[in-house]
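Chemist: Next one to model:
(chains A, B and C)
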Amino acid sequence: MFKRRTLVTAFVLCALALGTSQSFAQDKSIVVASTTSTQDSGLFEYLLPLFKKKTGITVKVIAQGTGQALDTGRRGDADVVFVHAKSQEEKFLAEGQSTKRYPVMYNDFVLIGPKSDPAGIKGMKDVAKAFQTIKDKKADFISRGDRSGTNTAELKLWKDAGIDINKDKGPWYKAIGQGMGAALNTAGAGNAYVLSDRGTWIHYKNKGDLAILVEGDKRMFNQYGVMLVNPAKHPNVKKDLGQQFIDYLISPEGQKDIANYKINGQQLFYPNANDPNA
Amino acid sequence: MTGDVSALHLVLSADPALLAIVRLSLLVSLSAVLFAALIGVPVGAFIALTRFPGREAAIVALNALMGLPPVVAGLAVFLTLSRSGPLGELGLLFTPQAMVIAQTILVAPIIAALSRQTIEDLWVEYRDEFAAMNVSTAGRIKTLIWDARFSLVTALLAGFGRAAAEVGAIIIVGGNIDGFTRTMTTAIALETSKGDLPLAIGLGAVLIAIVILINALAWGARRAGERYAG
Amino acid sequence: MRAPVSDLPIMLVEAGILAGTTTILDRISLVLGPGAPTVLIGPNGAGKTTLLRVAMGLIPVSRGRVTWGGREAVPPTHRAIMFQRPVMLRRSTAGNVRYALKAANIFRADWEQRTTELLKLVGLEDLGSRPARRLSGGEQQRLALARALARDPTVLFLDEPAASLDPAATKAIEDIVRAIAARGVKVVMTTHDLGQARRIGGEVVLLHRGRIVEKAAANDFFATPKTEEARKFIVGELLV
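Modeler: Model (predicted):
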């Protein structure tokens, strides 16, 4: 007899605890599908409390690769998507999954590699040439391999170098299917090259023997865009709250907050919501 | 080196972020074990005590499900709870509730399989005496579960160990959202991939401490069982 | 509180037990009536234990009939059995007795008194709180007896009581059994120990290969056995 009573009590307690842990978040919250790079850079930890203070809205971030994040939007499991692969974003728009894309900010990609630089690409100004050299020397290269924004950019650079990477890859090319931090860990452990966004790189605490070897090429420009998932397709989308988040990001105040995010005095993202070509 | 010092500091100072993560981990895993027990023990008892066509197959299936890969369970729950899935209306994806569901699915077969084994072994021992004392069916089930309670508690602890240690299922259905669905294991995965070792190490230490505590409890339960019931 | 009809006499009429193609009991006709204990003897594999279980009602017969007090399929409310290797429930000595009382639907209010009485009867009154599994072999057998008696049975079946006990423990059990029989409980027991059969038996039934070979009052059986098998068995030459 007493055993049953304790079981029921425990059950009720757990249900209550779980219930209450959600209750205060349910009212004003949105789910934003974003990328691991954006998360790993620490931007959200900085930005979201500011947004919450201003609007009282809690933002729950699911960090995945850009491709995955957009798929989450397609399934209606997120209210807003915040990613950095314009070609994929435009496809998303074309499908009617969103009605408007807002540019928010940019940073750039950097080509990371071991300080010993076995492929000898340090300081090259032409990133496509650097990629070509890596392939020719069969130097170990880590690819995100996860349809992320960074991965999309990497694949484009192989194409720019005139390389069909799917055909020409060998054991030196390792696609790991994971986020930016994991890719950097793998590169560091294996003395390999990897393309990273600058934000994640600056925030990354395990640099070890890795360093920036190539940067500044115009093709390494990395644009971020934000979109509200189309409520016509998914009625559960929190239209107003989601739009408030977008409005904040592109507002002068939001853009200033983005610019103010620094690590060791270094700015990670450059706001450009006003750029019509972004 | 500095990584280790900061980790210790975080743990000792009971950093609120760390505490919140630990609290969620325990809540999710303990709830999962509770629900898994409510399902698993009766199922195990049923299979142990009844004869039905396909019983052997059911036992094999149950034992096999103990090794259900967490990511597979996570994926199945994810597809079900997604807004585009059959139970999307519930809006449970990326919530702690979804994590409890996924872990319950992982743990229930373990508890059911171990319960079945324990109860069946005891049933074989007690069967004649039950017949001799003319005990009712309900009475037999109650007696078997009660007399096997220490082994059953060990089964629950095994289930808890599995739940507390897994990361694949809950990261898929929970989304590892900061402050909402981030547990010890998912946080360790995240912080490690970010190269932020202090927090990852601190969480790892707490997780290991909890695992050791579980095993100590399991040991204590077994010893208590031996002492009080022979 | 007890039904006026009795389980006695227990009548087996041409009862047979088959396991696959093997005959374990063959055309057993036996009457177990009130009075002195009935002892079933015979070599290993003769079917003594099976016959006991049939008479208790644990196994249905493949052939023939079993009736208790003239009725078929009577639940074992007033019958009790003690197995050769009794299993102790995972609780204390007194807890085992209480369990038997509960199973026999005795009022909870009477439990404490009856437990004390039963433990005293079997000489375990000082071991009430010890985990039953930690009792010695002889003590466990006595506890099994106490459990069996919890329901105040009219018939008590004992399968090789004291089979694995030392002489002192054996004597303890036998004394209790004789006391129970003296109180009017019908005792039916199996044994391979001729001395025990002599000490306890009112009636002796010799089984061989599933058949009743000879049946007589104990004194008559041992003094003047009528069949060849009986003679051989008494001198220890009937092994299987």
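
Chemist: Pass me the low-pLDDT residue ranges in the chain, would you?
Modeler: In the absence of a named chain, this looks at chain A. A:1-26 (pLDDT under 70).

Chemist: look at chain B instead
Modeler: B:1-12, B:228-230.

Chemist: Report back the residue of it that's furthest from centre.
Modeler: residue B:132 (37.7 Å; Cα atoms, centre = their mean).

Chemist: Quick check: buried residues in whichever helix or strand residue C:66 is part of?
Modeler: According to DSSP states H and E, residue C:66 maps onto strand C:63-68. Across strand C:63-68, burial judged by 16 or more other Cβ atoms under 10 Å in any protein chain shown covers C:64, C:66, C:68. C-beta coordinates here come from the backbone N, C-alpha and C atoms, glycine included.

Chemist: Tell me who's in contact with the closest residue in space to the residue farthest from the centre of chain B that isn't next to it in sequence.
Modeler: Closest residue to residue B:132 apart from its sequence neighbours, by Cβ to Cβ, 6 or more residues apart in numbering or on different chains: residue C:81 at 4.7 Å. By Cβ atoms under 8 Å, 6 or more residues apart in numbering or on different chains, residue C:81 lies in contact with B:132, C:52, C:53, C:56, C:58, C:148, C:156, C:157, C:158, C:159.

Chemist: Helix, strand, or coil at the nearest residue to the last one once chain neighbours are set aside?
Modeler: This means residue C:159. Excluding its sequence neighbours, the residue lying closest to residue C:159 (Cβ to Cβ, 6+ apart) is residue C:84, at 4.5 Å. Using DSSP: H, G, I helix; E, B strand; the rest coil, the structure places residue C:84 in coil.

Chemist: Could you count how many residues lie near residue C:84?
Modeler: Close neighbours of residue C:84, defined as other Cβ atoms under 10 Å in any protein chain shown, add up to 16.

Chemist: Isn't it up against residue C:165?
Modeler: No. Here residue C:84 does not reach residue C:165: they are 11.2 Å apart, not a contact under Cβ atoms under 8 Å.

Chemist: Now residue A:205: which helix or strand?
Modeler: Counting by DSSP H and E, residue A:205 is found in no helix or strand.

Chemist: Please disregard the earlier target; I meant residue B:209.
Modeler: With DSSP H and E as criterion, residue B:209 is part of helix B:197-229.

Chemist: and if you look at residue A:154?
Modeler: helix A:149-160.

Chemist: Buried ones in that helix, by neighbour count?
Modeler: Across helix A:149-160, burial judged by 16+ other Cβ under 10 Å covers A:149, A:150, A:151, A:152, A:153, A:154, A:155, A:157, A:158, A:160.

Chemist: Spatially nearest residue to the second one, not counting backbone neighbours?
Modeler: Just to be clear, that refers to residue A:150. Leaving aside its chain neighbours, residue A:150 sits nearest to residue A:144 (5.4 Å; criterion: Cβ to Cβ, 6+ apart).

Chemist: rewinding a little: looking at the contacts of residue C:81, which are in strands?
Modeler: Counting by DSSP state E, the part of the contacts of residue C:81 found in strands is C:156, C:157, C:158, C:159.

Chemist: The third one and residue C:186 touch, don't they?
Modeler: When you say that, I think you mean residue C:158. No. With contact defined as Cβ under 8 Å, residue C:158 does not count as touching residue C:186 (11.3 Å).

Chemist: which stretches of the chain form strands?
Modeler: Defaulting to chain A. Going by DSSP E, chain A shows strands at A:29-35, A:58-64, A:80-83, A:98-114, A:141-143, A:173-175, A:193-197, A:210-214, A:221-229, A:262-263, A:266-267, A:270-271.

Chemist: The intended chain is chain C.
Modeler: C:10-19, C:22-32, C:38-41, C:63-68, C:79-82, C:155-159, C:186-190, C:203-208, C:211-217.

Chemist: export the ones you listed to CSV and tack on mean pLDDT?
Modeler: Compiled in CSV, those are given as follows (pLDDT from 0 to 100):
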stretch, mean pLDDT
strand C:10-19, 91
strand C:22-32, 91
strand C:38-41, 94
strand C:63-68, 92
strand C:79-82, 94
strand C:155-159, 95
strand C:186-190, 95
strand C:203-208, 93
strand C:211-217, 92
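
Chemist: I'd like these as a markdown table, with distance to residue C:107 appended.
Modeler: Formatted as a markdown table, these follow (distance: least, Cβ to Cβ, whole Å):
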| stretch | distance to residue C:107 |
| --- | --- |
| strand C:10-19 | 28 |
| strand C:22-32 | 30 |
| strand C:38-41 | 32 |
| strand C:63-68 | 25 |
| strand C:79-82 | 19 |
| strand C:155-159 | 22 |
| strand C:186-190 | 25 |
| strand C:203-208 | 36 |
| strand C:211-217 | 41 |
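
Chemist: From residue B:24, how far off is whatever residue of chain B ends up closest to chain A?
Modeler: Taking Cβ to the nearest Cβ, chain A has its nearest neighbour within chain B at residue B:195, 3.1 Å off. Remark: distance between residue B:195 and residue B:24 (Cβ to Cβ, to the nearest Å) = 23 Å.
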